[in-house]
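*Asks:* Quick one, structure for this:
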Amino acid sequence: MTPASTATATTDTTRADAVQTVAEHLLPRASLITRLLLRRGSGDVSRAEAGILSSLAVEPRRVTDLASSQALAQPTVTQLVGRLEERGLVTRERHPDDGRVVLVTLTDDGQAALDALRAEYRTVIREHLAGQADEDVLALAAATHVLQRLIDSLQDGSPA
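*Replies:* Numbers count the residues shown, from 1 in each chain. Here you go, the predicted model:
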């Protein structure tokens, strides 16, 4: 093997190992950090409710669309929407073009609750990052950009 091919083989092995590590650990760790951050918050909004509010911040959605986007069963989402509606965080309205369709919409109070939740977890993250090494913070910042590209490719259905 030439030095160049040895370097390529080492890079390929290292890349393959890195891909395997990300494939194994990204989702569990992202899920865990979400749970930990929500646990440290005020507790006014559950993880599932936060997901629904976040999805509705983009646009009003049907319960079936919410269920699909949150990977939850439709009856579960119907119950969650009912609880959120009781608290004034969402409303259900008939679709203006198709009266058979009911859209769930985020209310101003729902947006305020979502904003407060996001502010809480951003504060916790900032506090914990303050004690981390500069290179680790910079690596996490770079990773967020890579994660966004991964998210975009997953949403498009195309490989990254």
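
*Asks:* Give me the neighbour count for the nearest residue to V77 once chain neighbours are set aside.
*Replies:* Spatial nearest neighbour of V77, excluding adjacent residues (C-beta to C-beta, 6 or more residues apart in numbering): A67 at 4.3 Å. Yep, even glycine has a C-beta here, placed from its N, CA and C like the rest. Look at A67: counted by other C-beta atoms under 10 Å, it has 20 neighbours.

*Asks:* and what of V90?
*Replies:* Close neighbours of V90, defined as other C-beta under 10 Å, add up to 27.

*Asks:* Show me the shaky parts of this protein.
*Replies:* For the chain, the stretches with pLDDT under 70 are 1-12, 159-160.

*Asks:* one more time with 80, if that's ok
*Replies:* Applying pLDDT under 80 to the chain flags residues 1-13, 41-43, 99, 157-160.

*Asks:* per the record, what domains does it have?
*Replies:* Listed domain ranges for the chain are 30-129, 133-160 (source: automatic domain parsing).

*Asks:* residues making contact with the helix or strand that contains R126?
*Replies:* Using DSSP states H and E, R126 sits within helix 108-129. Identification of contacts with helix 108-129 by C-beta atoms under 8 Å, 6 or more residues apart in numbering yields 37-38, 40-42, 44-45, 50, 53-54, 56-57, 84, 87-90, 106, 137, 140.

*Asks:* again with stretch 63-72
*Replies:* 48, 51-52, 55-56, 61, 73-74, 76-78, 80-81, 102, 104.

*Asks:* Identify those among those that sit within strands.
*Replies:* 102, 104 (DSSP state E).

*Asks:* quick one, which of the domains of the chain is packed in tightest?
*Replies:* Of all these, domain 30-129 has the most neighbours on average by mean count of other C-beta atoms under 10 Å, namely a mean of 15.
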